[in-house]
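> Build me a model:
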Amino acid sequence: MPMSRRAALAAVLATSALMEPVSAAEQPQDQKAVVETQVDALTKALLAGDGAALDALTHDGLSYGHSSGVVQDKAAFIAPLASKRASFPSITLSDRSVSVVGDDAIARHVFTGESVSDGKTSPVHIGVLQVWHRDAGRWRLLARQAFKI
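Below is the predicted model:
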């Protein structure tokens, strides 16, 4: 009896699902660790004012919200840091958490440090929510919102 294309495709998909080498329970843990690494890489890029790294770590559709209410797109976020008009001499992240849901991840932390803008140094102590999106196998920051504690 000949098999239809649909039936053949269904059989192939069912068989490949059974041959998955990594269990579903393990995969989110692995991805959580990858997202945590990306959060650390973003922090290092902020400290260095590394425009190329910031560009690589952020999604083209980035929405970057500051605790002041200012919201920037990707270019507006990167430009002052890469040109050294703004900088972060110190950053410490605490109370960290990451949860992964499919191709999206939510990272939360308390951001403590110093910022320098227009030659003025200010202390920073804010809460941060980041949304990371996995795009072509890479986790990139899609949205960030800071809030006053």
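> What are the boundaries of the helices in the protein?
For the chain, the helices defined by DSSP state H occupy 5-18, 26-48, 51-57, 74-82.
> Which other helices and strands does the shortest one contact?
In this structure, helix 51-57 makes packing contacts with helix 26-48, helix 74-82, strand 138-148, judged by 3 or more Cβ pairs under 8 Å, 6 or more residues apart in numbering; DSSP states H and E. Any C-beta I mention is one placed from the backbone N, CA and C, and that applies to glycine too.
> redo that, cut-off 6 Å
Secondary-structure packing of helix 51-57 (3 or more Cβ pairs under 6 Å, 6 or more residues apart in numbering; DSSP states H and E): helix 26-48, helix 74-82.
> cool, the last one as well?
On a contact count with 3+ Cβ pairs under 6 Å, 6+ apart, helix 74-82 meets helix 51-57, strand 58-65.
> in the shortest one, what counts as buried?
Using 16 or more other Cβ atoms under 10 Å as the test for burial, helix 51-57 gives 53-55, 57.
> which residues does the nearest residue to D104 once chain neighbours are set aside bridge with?
Here the nearest residue to D104 in space, its sequence neighbours aside, is H133; by Cβ to Cβ, 6 or more residues apart in numbering that works out to 5.6 Å. Counting by DSSP bridges, H133 forms beta bridges with D104, R140.
> Could you dump the helices and strands packed on helix 51-57 into TSV and include distance to R108, mean neighbour count and mean pLDDT?
Below are the helices and strands packed on helix 51-57 laid out as TSV (distance: least, Cβ to Cβ, whole Å; neighbours: other Cβ atoms under 10 Å; pLDDT from 0 to 100):
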stretch	distance to R108	mean neighbour count	mean pLDDT
helix 26-48	10	16	90
helix 74-82	19	17	97
